[in-house]
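Enquirer: Okay, predicted coordinates and the sequence, questions at the end:
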Amino acid sequence: MTIDVALLNRLTKLGGITLEEEKLEETKSHLSEIVDFVENINKLDLDGIPASFNPLDSKLPMREDIVESKPQIAKDILKNAPSAEDNFFIVPKIIE
């Protein structure tokens, strides 16, 4: 696919942007490079991959969740708070 002035003007109109005349050639060049890069996907051998492939369907090893109670962590955090009461932070009222 080639990027010509007509296509570039259409893209700028659709995008709601304006390009200066001196930037048109540079922008055409950049867009052509992007399109050429994306067209490389057509060269990939995807015969062995089903159309509905989803990497999230793969089986990953899972670790067991083990609940640990460490009340000292909360105490260590709350001792640095400007104000705390009953294991909660006390903050100034912001909504009346």
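Expert: Good, I have the coordinates.

Enquirer: Give me the buried positions along the helix or strand hosting Glu25.
Expert: Secondary structure from DSSP states H and E places Glu25 in helix 21-39. Neighbour-count burial for helix 21-39, counted by 16 or more other CB atoms under 10 Å, picks out 27-28, 31. Where you see a C-beta, it was placed from the backbone N, CA and C, and this is true even at glycine.

Enquirer: Kindly report the same for stretch 7-15.
Expert: Buried residues in stretch 7-15 (16+ other CB under 10 Å): Leu8.

Enquirer: chain center to it, what's the gap?
Expert: Per CA atoms, centre = their mean, to the nearest Å, the displacement of stretch 7-15 from the mean C-alpha position of its chain is 26 Å.

Enquirer: Could you provide the buried residues of helix 21-39 in JSON lines, with additional columns for distance to Ile49 and pLDDT?
Expert: Shown next, in JSON lines, are the buried residues of helix 21-39 (distance: CB to CB, whole Å; pLDDT from 0 to 100):
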{"residue": "Thr27", "distance to Ile49": "35", "pLDDT": "91"}
{"residue": "Lys28", "distance to Ile49": "34", "pLDDT": "92"}
{"residue": "Leu31", "distance to Ile49": "29", "pLDDT": "92"}
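
Enquirer: which one of those residues is nearest Leu56?
Expert: Leu31 (32.7 Å; CB to CB).

Enquirer: Excluding residues flanking it in the chain, which one is nearest that closest one?
Expert: Ile3 (4.6 Å; CB to CB, 6 or more residues apart in numbering).

Enquirer: could you measure that neighbour against Lys28, distance?
Expert: 5 Å (CB to CB, to the nearest Å).

Enquirer: quick revisit: hmm, who's touching whichever helix or strand comes after the helix holding Glu25?
Expert: Next along the chain after helix 21-39, taking DSSP H and E as the criterion, comes helix 71-78. Applying CB atoms under 8 Å, 6 or more residues apart in numbering, the contact partners of helix 71-78 are 84, 87, 89.

Enquirer: Surely the last one touches Ser83?
Expert: Yes: Phe89 sits in contact with Ser83 when judged by CB atoms under 8 Å, with a separation of 7.2 Å.
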